[in-house]
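**Student:** One predicted model, sequence on top.
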Amino acid sequence: MKTAIATVSISGTLQEKLEAISAAGFDGIEIFEQDFIAHDGGPREVGQMVRDHGLEIFLFQPFRDFEGLPEPLRHQALRRAEHKFELMRELGTRDMLVCSSVHPEALGGIDRMADDFAALGELAADYDIRVGFEALAWGRHVWDHRDAWEVVRRADHPNVGLILDSFHTLARKIDPDTIRRIPGDKIFYVQLADAPAIDMDLLYWSRHFRNMPGEGDLDVTGFMRAVMATGYDGPASLEIFNDQFRGGPTRTIARDGYRSLVALMDDVRRTEPGLEDKIAEIPARVAVDGVEFIEFAAQGTEAEALKTLLTTLGFRMSGRHRNKMLEVWRQGDIRILINSETTGFAASTWTARGTNVCDIGLKVADAASTVTRARALGADTFSQPVGPGELDIPAIRGLGGSVLHFVDASSGLSEVWDVEFEPAEDMSNRDAGLTSIDHVAQTMEYDEMLSWALFYTTLFDMQKAPMVDVIDPDGLVRSQAIASRARPDGKGLQVTLNGAETHRTLAGDFLTHGFGASVQHVALRTEDMLQTAAALADLGFDPLPMPANYYADLEARFDLSPEFLERLRSANILYDEDAHGAFLQLYSRPFAGGMFFEILERRNGYAGFGAANAPFRIAAQKRFGRVKGMPEV
Ligand SMILES: O=C(O)c1ccc(O)c(O)c1
Ligand SMILES: [Mg+2]
């Protein structure tokens, strides 16, 4: 199945758009008339330019306010169409989109409109052009694909067909299964867009808030399944009007589009029977079993400070890499790597950002098929020279220059710790009862959140939780959790995305000083917070101090015994409850430009991330300023 994207969906000049669309892997474009008119170059040259990028122009659009007009407007509309047919011939485009009229003088009338289309079809036939009728959700008389289909059916002309657009159908809450009764050969083209569920004027919603399939709340998969059930054989094409995307990074948004389309078609192939030959097969979404390691790039005194912090958290240095300046620090199932190499990937991130999480290793059932799916979705693989006796662990580039490694048991990759590392167990340090990595929190610009969420949800078997607002004293931060489906064995991956809207927030400040999106904190799990807090106190760990007001409020909000409340207060433990259970949190002080560790206990299946506590925790962290708690270099 061919893939396409409308030029309106991304930012830039026509040239920039074509480069990005081609690089992302699409087969073709819908050329939006404005993009053509704004370009300084004739239709022949534009057609050539598109083909030079290895792309086809599948559709010219939109042609507006055509059907159902009284004379002389009707004739003028036909004449206008003929001009566009001339232009399309030069461009080398066969299909034109006619969207339903919003003209104040449009009369409607199914047969009148059908007659107009029959006349337009005759004209188009002379140019070897086909015209497709699309019902805009806010069309004057036609705003439902079923009515558009009736017009096309009565026009009964081989050069007249239907164009479907998921937004218009789903925004109007029209059952997409009504598409299943339309003959596939009369569906000339299909446009796909998702959108967040917001109650607003249809036109405004469509022109500003559409997003890539999978980024919003509409059932685009159900829509496309119905389309494919008709036998439709044309391209799957994205048509996304979105303010953020219009101003966003052209290449990133084009790649997001491609990723969303491949994932969507894979979902359609897996749920709708009989599409094996039409849609390419790719490995299924990958179930992640957990975090195998978190790797920090850190050098010199910053590396020493991080090791001191890990020691006070109850970690032990358990191995040194045989060939690299790379240490493994362990506690429970947690592995933290500290990479102090002066060349290679970790070193280059250290030079750019200072101490940072440069790599995350994920446990998966099958590392090779994870990389195959990632590549099909448009990700780049990542590799570094492999030294003697080292394993070549499959890896990809995530977003923002990040790297993800995939470790599985079946291929022997999980033996990397025995193969590549010299055991160096230092038994002197006491364990604090930390058992596993609960979640990894990534900070990014608000505008990048959709891209990151799409990255995780298309590659892995993970779902988005609703976005929550986190109030920082200096602005709003949006937070969204992405988690594997709850599994009986409790394994999985949880990531929280924190999108900063201003640089004055804790998250925004981290971005400014760290050169872009990155992991800001790692949350470590204990099964007994009170014991862990006592062990940490013995180890000399300095928790983030919480104010007395916070505990007075806890007393008012929850039914806690005075003894328990006092234990929380004296250990600076934060507390929350949800419908399932209780949540206890403890934070480190900020280190290395605003990173920190969180320690948590989930009681009886508490499912959240303590959003209610976030404003107070952030205010407490801000009292330390950006570099307090971290030695100056
Ligand atoms: O917003 C519009 O006008 C518009 C134009 C063309 C389309 O295909 C569409 O879905 C919407
Ligand atoms: Mg459309």
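**Tutor:** Right, received. Where do you want to start? Ligands and ions are numbered 1, 2, ... in the order given.

**Student:** Please, which helix or strand holds the nearest residue to Gly594 once chain neighbours are set aside?
**Tutor:** Spatial nearest neighbour of Gly594, excluding adjacent residues (C-beta to C-beta, 6 or more residues apart in numbering): Phe510 at 4.0 Å. The way it works is simple: take the backbone N, C-alpha and C, and place the C-beta from them, glycine included. Using DSSP states H and E, Phe510 sits within helix 506-514.

**Student:** That helix: what's the following helix or strand?
**Tutor:** Assigned by DSSP H and E, the successor of helix 506-514 is strand 518-526.

**Student:** Just give me the neighbour total for the nearest residue to Ala352 once chain neighbours are set aside.
**Tutor:** Distance criterion C-beta to C-beta, 6+ apart; nearest residue to Ala352, sequence neighbours excluded, is Phe515 at 5.4 Å. Using other C-beta atoms under 10 Å, Phe515 has 14 other residues around it.

**Student:** How about Pro423?
**Tutor:** If you count neighbours by other C-beta under 10 Å, Pro423 ends up with 10.

**Student:** what's across from it in the sheet?
**Tutor:** Beta-bridge pairing of Pro423 under DSSP bridges involves Gly319.

**Student:** so it touches Met317, yeah?
**Tutor:** No - Pro423 is not in contact with Met317 according to C-beta atoms under 8 Å; the separation is 10.3 Å.

**Student:** Tell me the residue of the stretch 151-300 of the chain that sits nearest ligand 1?
**Tutor:** Residue nearest to ligand 1 within the stretch 151-300 of the chain: Asp165 (4.6 Å; C-beta to the nearest ligand atom).

**Student:** Return the distance of that residue relative to Leu218.
**Tutor:** For Asp165, the distance to Leu218 equals 11 Å [C-beta to C-beta, to the nearest Å].

**Student:** do the same with Ser22
**Tutor:** 28 Å.

**Student:** so who does Arg569 touch?
**Tutor:** The contact partners of Arg569, taken as C-beta atoms under 8 Å, 6 or more residues apart in numbering, are Met546, Ala548, Tyr551.

**Student:** can you rerun that using 6 Å?
**Tutor:** The neighbourhood of Arg569, defined by C-beta atoms under 6 Å, 6 or more residues apart in numbering, consists of Tyr551.

**Student:** Then Leu586?
**Tutor:** Contact analysis of Leu586 by C-beta under 6 Å, 6+ apart lists Pro543, Ile573, Ile599.

**Student:** from the residues you listed, which is closest to ligand 2?
**Tutor:** Ile599 (49.8 Å; C-beta to the ion).

**Student:** before we move on, what SS does the closest one have?
**Tutor:** strand (DSSP: H, G, I helix; E, B strand; the rest coil).

**Student:** distance of it from Gln531?
**Tutor:** Ile599 sits 12 Å away from Gln531, taking C-beta to C-beta as the criterion.

**Student:** For these two, indicate the residue with more neighbours.
**Tutor:** More crowded of Ile599 and Gln531, by other C-beta under 10 Å: Ile599, with 26 against 13.

**Student:** so the more buried one touches Leu524, yeah?
**Tutor:** Yes - contact criterion C-beta atoms under 6 Å: Ile599 and Leu524 qualify, at 5.3 Å.

**Student:** How about the contacts made by Ile240?
**Tutor:** The contact partners of Ile240, taken as C-beta under 6 Å, 6+ apart, are Ser9, Ala193, Arg210.

**Student:** And the top helix by length along the chain, what's buried?
**Tutor:** In the chain, with assignment by DSSP state H, the single longest helix is helix 250-271. Residues 250-269 are the ones in helix 250-271 that count as buried (16 or more other C-beta atoms under 10 Å).

**Student:** could you say what helices and strands the helix or strand hosting Leu454 packs with?
**Tutor:** Leu454 is part of helix 449-459 when elements are defined by DSSP H and E. Helices and strands touching helix 449-459, by 3 or more C-beta pairs under 6 Å, 6 or more residues apart in numbering; DSSP states H and E, are helix 250-271, strand 494-500.

**Student:** Mind putting these into a markdown table with mean pLDDT and distance to Ile282?
**Tutor:** Output for these, formatted as a markdown table (pLDDT from 0 to 100; distance: least, C-beta to C-beta, whole Å):
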| stretch | mean pLDDT | distance to Ile282 |
| --- | --- | --- |
| helix 250-271 | 98 | 6 |
| strand 494-500 | 95 | 22 |
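
**Student:** Spatially nearest residue to His157 (excluding sequence neighbours)?
**Tutor:** Using C-beta to C-beta, 6+ apart, the closest residue to His157 is Gly121 (3.4 Å).
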